[in-house]
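Enquirer: sequence-free structure coming up:
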């Protein structure tokens, strides 16, 4: 049913940067460490301490700004966002409020109708992460290992109209972060978190509807799911002639429920003001130029190169360039492949490999089959050493047992039977065992040909070269 | 005896670090002035012994080697209780050393103790300390000035040769002025603030207090190494100026242009005024030229200062929340209660007053009217000084319109006290260096004096002029 409303969605993404040390002190950034062991007097907010900036954070922010066509501000400022929370030891967060480092960019996504759509980026700002509160039944404990680790907040413009676009945007942003090597993008560990702003307004209405903000989603699936539910929920409210209330929400993925965190009226007044402990963030255009020269090939460019160089479809090229690791995996496999049609490799990666990975919930980074091993398998098909059907069986064993194709073949004695003599031997046995059918065939029941082929293949345990079986069987029978 | 003289005596082995330390500790322990919050006897003896070994072998390694000093209790000292004069930090033992403590230790100084001060440096009488007021040994009916009152009195009573205090809006210059001592507020960014408990970040500056202009030079020499941990520290490098300043001849004053804004002097109490006029005449006799300057925007300095400093303080003091360190008052009723009770109990009235003022100025809807306006005014005040310096080398200004205030005055009308910072806050807002020098007596037979204001990072010339003037007294 056609909706009566226009949906407007804006996303704010927090991406943790993969710097070696924290933003304002030289404590290591580690995702798994014993609580409160990666902490010093600065990131634990002791009196008298001051922040001094890790310049890598600046460089990483500029790289993302360049990759998203932002304007890079050669002079930007830090501000304090004041609020009390136990995992915020200074009582304020250092962020960028008035003038962020990057502004006015965009990310291109492919929308439903296959057209390229630009999703605007309002700003990219540098800020610090908080610690973590660990709630037990009786008490709350605080871990400050994460306190002061660098984040980029990427504030998108409200250009998104549905959950699919939202996910495409997030996937593209995720790809950029990992291509640039500035974030691990590990979403389960909260390295990329997303706040979703949604508002609905009646079609033909000029006024934008009241929005809700849902905090801290950490998977593409939960963003997709939340948008669908929230759009439905707001639609229902409007259908009933009621008003949507400006609220901050949270979403529980497991139970698919939306909870109200707070309504606008009791929102915090963060009392932003310029951070007096830091000088303005100022640098020369030459730094931007230097970093621009270091930019790697980015997803869009790689995608069109893949389409041209490997004759891949837009869909396949999109899929393979969705992460740098995957794109590299594909290109490494191509290098080892002796055939000409790279499409075969993309098929195997997208169908067999991803099917197997998804079964056991592994990311491509953890694939038990290396690009070289995959290509070796495909080379064997091409040379006729094994059949496509056998290859699938071998592939599964390679995947399950972390073995190379050759090892699996030797272990299972799976080599294809190509010798004419051996195949003729098999054919003779089959014909002898099925004299009745031979007579019927000779009497004109030609469709029994397939039956003989099947019997020969069965007898060879599938190892006989089917093309040869066909050819030699015709010779015998006709 | 100032640092330089003590240094010469140590060099000549006429006296030993242990003797100096014993003398100072003795005075500190017997003091009835409440100048110290903590006295670190054992640590002081240990420092003195180490100096002694060094001096026996190779002589003093720096001007400060073997010389007893004190630190305002806003300076973080590793393993030594650091309270900021507040109940909320009454039992706080820092896990790290701040820049000043680190540097003075490295220079071979002997720490006698941590001096009393107004809580978090908020006050001008040293009556706002959780550890009680500091008495002015010159006359107990009057305050020693604040917030670095303990520092001034520790030098005055002879329990330390010099003291490191802080100056946010006059906190070093006022006590020096009330106690007849010498102090320097360096340019903002000259000395690292790392490990100095923050009151107002854009105004706070660590500031030495002692008995001579040469003392100021010796301390700048020890404390001006660039520190990457403070992003507002300007990388100008160590100032090796002690010899140069010390050897400045009186003739250095010849032809120097001293700027004066007459309404400033006219607004002072009669005896202070006549002392200042005498001081100016003295400068002229020594060969300096008095030139008239215009500092018209300085009349807005008080409001500007109290908006900016309280705004920053409201944020800087947010970390004292009873969660991570310091006083925690919790009755198991939850987080909000812990915050409220810890802060209500742990902070004194003046600190609370300023947190509320600052929170108000930064609030949505008020920011533009207060904080933003104040920042614009700050710029105009700086510009006033910039144009004044086109026609003069240093500026001559009162430090306070009166001599030391009577005891308890600050508690009767706390906000009216703010007006007394009229002469000290402008240069803090402009980030300029100011050298407070004693000169004569004013009302109640108490010391008075003036300050010389230098160009941005013009400490060397400022001290040379100060030294030349000192020699003509």
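Expert: Thanks, I have it. Computed from a predicted model, the values in this text were never measured in an experiment.

Enquirer: can you list the residues that contact whichever helix or strand residue B:218 is part of?
Expert: Assigned by DSSP states H and E, residue B:218 belongs to helix B:213-223. Applying CB atoms under 8 Å, 6 or more residues apart in numbering or on different chains, the external contacts of helix B:213-223 come out as B:2-4, B:7, B:62-64, B:99-100, B:103-104, B:107, B:161-162, B:164, B:182-184, B:186, B:190-192, B:206, B:208, B:210, B:238-242, B:244-246, B:435, B:437, B:459, B:463, B:466-467, B:470. Placement of C-beta: from N, CA and C, glycine included.

Enquirer: list the contacts of the helix or strand that it is followed by.
Expert: The helix or strand immediately downstream of helix B:213-223 is helix B:242-246, counting by DSSP H and E. Outside helix B:242-246, the residues that touch it by CB under 8 Å, 6+ apart are B:4, B:63, B:213-214, B:216-218, B:221, B:460, B:463-464, B:467.

Enquirer: ok, back up a step: from the contacts of helix B:213-223, which would you call buried?
Expert: Neighbour-count burial (16 or more other CB atoms under 10 Å in any protein chain shown) is assigned, among those, to B:2-4, B:7, B:62-64, B:99-100, B:103-104, B:107, B:161-162, B:164, B:182-184, B:186, B:190-192, B:206, B:208, B:210, B:239, B:241-242, B:245-246, B:435, B:437, B:459, B:463, B:466-467, B:470.

Enquirer: burial measure for residue A:77, as a count.
Expert: By other CB atoms under 10 Å in any protein chain shown, 18 other residues sit near residue A:77.

Enquirer: that one and chain B, how far apart?
Expert: From residue A:77 across to chain B, the span is 12 Å (CB to the nearest CB, to the nearest Å).

Enquirer: I'd assumed residue A:280 was in contact with that residue.
Expert: Yes: counting by CB atoms under 8 Å, residue A:77 does reach residue A:280; the two are 5.2 Å apart.

Enquirer: confirm residue B:352 sits in a helix?
Expert: Yes: under DSSP: H, G, I helix; E, B strand; the rest coil, residue B:352 falls within a helix.

Enquirer: OK, contacts around it?
Expert: With contact taken as CB under 8 Å, 6+ apart, residue B:352 is in contact with residue B:344.

Enquirer: do the same with the one 5 residues further on
Expert: Going by CB under 8 Å, 6+ apart, residue B:357 touches B:306-307, B:310, B:314.

Enquirer: dump those into a markdown table; add secondary structure as well.
Expert: Formatted as a markdown table, the contacts of residue B:357 follow (three-state DSSP):
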| residue | secondary structure |
| --- | --- |
| B:306 | helix |
| B:307 | helix |
| B:310 | helix |
| B:314 | helix |
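
Enquirer: reformat those as CSV; add neighbour count.
Expert: Shown next, in CSV, are the contacts of residue B:357 (neighbours: other CB atoms under 10 Å in any protein chain shown):
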residue, neighbour count
B:306, 21
B:307, 24
B:310, 24
B:314, 24
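
Enquirer: list, out of these, those positioned next to chain A.
Expert: residue B:314 (CB under 8 Å from any CB of the partner chain).

Enquirer: any idea of the pLDDT on the residue in the stretch 1-150 of chain A that chain B sits nearest to?
Expert: Nearest residue of the stretch 1-150 of chain A to chain B: residue A:91, at 2.5 Å (CB to the nearest CB). pLDDT recorded at residue A:91 is 97.
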